[in-house]
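Asks: sequence first, predicted model second:
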Amino acid sequence: MAILGERWTIVVLREVFNGIFRFDDMRERTSIPRQVLTNRLNLLVDNGVLRRVPYREPGSRARDEYRLTEKGFDLYPLLVAVREWGDRYLADPGGPPLETVHRGCGGTVHAVLVCDQGHSDVSPRDVLPQPGPGARRRTPAA
């Protein structure tokens, strides 16, 4: 949550996933205050979610675009799940403002839970949280 829990971070990621890579374009589309957007982009770059790619418009100074790293692309199912939740509970009666479709066939893309034993579309009610191999026993605070 130190990376994704900041207000506006998911909005910045949404923009990059939707092909908006430049700072000024992000500001215009989202109305995120300049310093807040700068901080969010720096946080995502510092944590390896985004990378800077220099570009230069003719007659202008060099600037950076923000592109996803592999670590960033791995967040896509999260964004799809958030979009689906919003579509289900918050969309206008006319339908959602955005759809995610498979480039190959045009089918709608969904976030689903699957297990490594081959069961697909696992219900959240069928999931049991349990300690993993990196779990450590908590010690009481003094």
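Replies: It's in. For clarity, every value in this text was computed on a predicted model and none was experimentally measured.
Asks: what number of residues lie near the residue lying closest to L41 once chain neighbours are set aside?
Replies: Nearest non-adjacent residue to L41, counting by Cβ to Cβ, 6 or more residues apart in numbering: Y66, 5.8 Å away. C-betas here are computed from N, CA, C, even on glycine. Neighbourhood size, Y66 [other Cβ atoms under 10 Å]: 23.
Asks: give me the phi and psi angles of Y66.
Replies: The phi/psi pair for Y66 (degrees, to the nearest 10) reads phi -120, psi 120.
Asks: hmm, it is touching L13, no?
Replies: No. Taking Cβ atoms under 8 Å as the definition, Y66 is not a contact partner of L13, at 10.0 Å.
Asks: what segments of the chain are helices?
Replies: Along the chain, the stretches classed as helices by DSSP state H are 9-17, 23-30, 34-46, 70-73, 76-89.
Asks: cool, thanks, signing off.
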